[in-house]
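Trainee: Coordinates for the following, if possible.
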Amino acid sequence: MNTTNIAALHELYNQREGKTYTQKQFAEKLGISASNLSLLESGKKRPSVSEAMAYRKLLGVSLDHVFGYSDYPHPVKYEMGDLQRH
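Mentor: Purely as a prediction, here's the structure:
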């Protein structure tokens, strides 16, 4: 896992803390153990697709952000007119 992914997972930790969930409470909402959540937030484990989807839903962040491909937690919204063919 590269440092971008680890930074993104740490950011998810910050967002969880910002919503005042304990690790145990958030793990229960995700349907995983607190030890598994600890591994995810420390960057020692990459989230599965189902874990990432649960993170996305509970925190309201994009999947790109969960997997560390974007520094922006919220998805960019485009109107159809904004997209142009080249």
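Trainee: For the rest of this, base every contact and every neighbour count on C-alpha atoms.
Mentor: Will do.
Trainee: pLDDT weak spots in the chain?
Mentor: 1-10, 65, 71-86 (pLDDT under 70).
Trainee: Okay, buried residues for the helix or strand hosting residue 35 please.
Mentor: Secondary structure from DSSP states H and E places residue 35 in helix 34-42. By neighbour count with 16 or more other CA atoms under 10 Å, helix 34-42 contains the buried residues 34, 37-38, 40-41.
Trainee: What residues of the helix or strand following it count as buried?
Mentor: Later in the chain than helix 34-42, the nearest helix or strand by DSSP H and E is helix 49-59. Neighbour-count burial for helix 49-59, counted by 16+ other CA under 10 Å, picks out 51-56, 59.
Trainee: what would those look like in CSV with distance to residue 15?
Mentor: Formatted as CSV, the buried residues of helix 49-59 follow (distance: CA to CA, whole Å):
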residue, distance to residue 15
51, 16
52, 14
53, 15
54, 14
55, 10
56, 11
59, 7
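Trainee: closest to residue 21 among the residues you listed?
Mentor: Taking CA to CA as the measure, residue 59 is the one of these closest to residue 21, at 10.7 Å.
Trainee: wait, that closest one sits on residue 16?
Mentor: Yes. The pair residue 59 and residue 16 passes the contact test of CA atoms under 8 Å, sitting 7.2 Å apart.
Trainee: correct me, but residue 46 touches residue 40?
Mentor: Yes. Here residue 46 reaches residue 40: they are 6.0 Å apart, a contact under CA under 8 Å.
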